[in-house]
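A.B. asks: need coordinates for the below:
(one chain, ligands or ions: 1)
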Amino acid sequence: MDCTYKTNKYKLPLFHTVSVTPWNTTFTSSYCFIAHEKTEDYIWALRAMNEAIQIETKPQVIITDNEDGLTKAIASVFPDTKHQLCLWHIEKKVLEKISKKLGRNEGTESDKVKEFLTEWTNMVNHSTVSEFEDSWAKLQEKWNETASGRDVIEYLTNEYIHKKEKFVRAYTNHNLHLGNVASSRVEGAHTALKKCLGGSTGNLYIVFESMEAKLNEQHIAASKKLSDELQLVPNRLNIPLFEQVVKKISSYALGKVYEQYLKFQRYHQSKEELPACTKYHQHALGLPCAHTLQNQLPRACVHVEQPTAFKDIILELPQLQMTDFASHWWLQKTSVHPILLPLIKTNNDVNTFTQNLNISQVGPGVASSNQILLDHALSRIGSQFNKLPTHQQIAMLGQVVGMAESDPAISKAVLEPAEKTDGCGHPVGAKNKRKKIQA
Ligand SMILES: [Zn+2]
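C.D. replies: Model prediction:
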């Protein structure tokens, strides 16, 4: 999300948010004019946006420029959403600073500037926190030796390092950012809008009309793409691995997993071990990776010395399921039944599955051992559920609802609110309570 200017004669900033489709294309998700760019203006805009969307489409990640007012507003309106800062803008600012401090030649980048920028870029792109911290320590040590280097280090410390979780890849790669680390998508949308407007002398209605035309265009394009996807499956995706998910998961996401399948095949055939899994696919893209595929096979198949032939492996590979994909990639979204909404964790609290499902802790001697085992298993499942990222929780609950709806008895038990009991197992207000025996 970002503001764009020079769209209207009143000089009002246009606050614009764009999102990503299951086909990895960009679409406008909201826009409005704001009077100023203060925290309260952004809070108003984000609240209006929040009211218009459902919990299933609440943003998992928001990417903006480094702007304090907007940062505060996001933390206030979307406390569960991961906020990232545009890497490209940070690099631009850092380059400006180091050119001023370390560059000697006017207009050209000195060797020192290039050297510093390369080290900075490598540092923010590390995939583990320890690598990042190591690089930052080395960068400080090296550049603190000169006065100009110290100035740059001080600037970076004050301006960016305390916000490292918002832009350093070692941290942001745990967010479901779908591969986005810069705000280039919204800037592309601004450029397209301005081409339509042809100037900044129009009134607000002209901007509104252009935006509405764009929204219509994108709606038509998305509807067409969706109907194509529901009918046709690209040939290469017609493999047993995808049998349960074709026409249900976007072909873009399946294509990404297909690349991982080929990677797994390549390593397997060359009898090499896959490099260690960074979990980037699972966390940042919400997709299974080559390791996921390998881990699903019996150990004997992946024995590096005497591997099973790949054509036989294909037969052993379990088919991928909807829950292996973040719901972002689903072609048809399941909405979570309202009664199950409290199960979805909010604000990282300990809103436990078992507490919400009111799974009773039955003491031994009262219940059968099977019941105790079941309670124990459910409580274990509950704690696993709490550890899942929100998108996987939503995906799982979607499946629970699907299962429940296919059977009226289960449906009643799962989807209707549990009757409150009075502590003796009787519904509140029930008439046939056993009378308490007076001593
Ligand atoms: Zn992996």
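
A.B. asks: can you tell me how far residue 26 is from residue 11?
C.D. replies: 26 Å (C-beta to C-beta, to the nearest Å). The way it works is simple: take the backbone N, C-alpha and C, and place the C-beta from them, glycine included.

A.B. asks: looking at the two, which has the bigger crowd around it?
C.D. replies: More neighbours surround residue 26 than the other of residue 26 and residue 11, with 17 against 9 (other C-beta atoms under 10 Å).

A.B. asks: and that one, its phi and psi?
C.D. replies: Torsion angles at residue 26 (phi, psi; degrees, to the nearest 10) stand at phi -100, psi 140.

A.B. asks: residue 16 is in contact with that one, correct?
C.D. replies: No. Counting by C-beta atoms under 8 Å, residue 26 sits too far from residue 16 to count as a contact (11.2 Å).

A.B. asks: where do the contact lists of those two overlap?
C.D. replies: residue 189 (C-beta atoms under 8 Å, 6 or more residues apart in numbering).

A.B. asks: how about residue 207, nearest residue that isn't a chain neighbour?
C.D. replies: Residue nearest to residue 207 in three dimensions, not counting chain neighbours: residue 7, with 5.1 Å by C-beta to C-beta, 6 or more residues apart in numbering.

A.B. asks: what is the burial count for the one you found?
C.D. replies: Residues contacting residue 7 under the criterion other C-beta under 10 Å number 26.

A.B. asks: same question for the one 3 residues further on.
C.D. replies: Here the count is done by other C-beta under 10 Å, and residue 10 has 11 residues near it.

A.B. asks: can you name the residues of the protein sitting close to the ion?
C.D. replies: 277, 289, 291 (C-beta under 5 Å from the ion).

A.B. asks: among those residues, which ones are buried?
C.D. replies: 289, 291 (16 or more other C-beta atoms under 10 Å).

A.B. asks: got CSV for the residues of the chain next to the ion, with distance to residue 258 too?
C.D. replies: As requested, these are exported to CSV (distance: C-beta to C-beta, whole Å):
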residue, distance to residue 258
277, 18
289, 12
291, 15
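
A.B. asks: show only the entries of the residues of the chain next to the ion found in helices.
C.D. replies: Using DSSP state H, residue 291 are the members of the residues of the chain next to the ion that sit in helices.

A.B. asks: from the residues of the chain next to the ion, which is closest to residue 40?
C.D. replies: residue 289 (42.9 Å; C-beta to C-beta).

A.B. asks: what values do phi and psi take at the closest one?
C.D. replies: Residue torsions, per degrees, to the nearest 10, at residue 289 are phi -120, psi -180.

A.B. asks: tell me the pLDDT of it.
C.D. replies: pLDDT for residue 289: 95.

A.B. asks: where's the spatially closest residue to it that is not a sequence neighbour relative to residue 78, distance?
C.D. replies: Spatial nearest neighbour of residue 289, chain neighbours left out: residue 281 (3.7 Å); criterion: C-beta to C-beta, 6+ apart. Separation of residue 281 from residue 78 (C-beta to C-beta) stands at 25 Å.

A.B. asks: before we move on, what about residue 103?
C.D. replies: Using C-beta to C-beta, residue 103 is found at 39 Å from residue 78.

A.B. asks: count of neighbours near the residue of the stretch 101-250 of the chain found nearest the ion?
C.D. replies: Of all residues in the stretch 101-250 of the chain, residue 127 sits closest to the ion, at 11.6 Å by C-beta to the ion. Around residue 127 there are 12 other residues, counting by other C-beta under 10 Å.

A.B. asks: quick check: phi and psi on the nearest residue to it once chain neighbours are set aside?
C.D. replies: In space, and not counting its chain neighbours, residue 127 is closest to residue 278: 5.2 Å by C-beta to C-beta, 6+ apart. When read as degrees, to the nearest 10, the backbone of residue 278 gives phi -90, psi -10.

A.B. asks: from memory residue 278 sits against residue 169, does it?
C.D. replies: No. Using C-beta under 8 Å, residue 278 is not in contact with residue 169, being 10.0 Å away.
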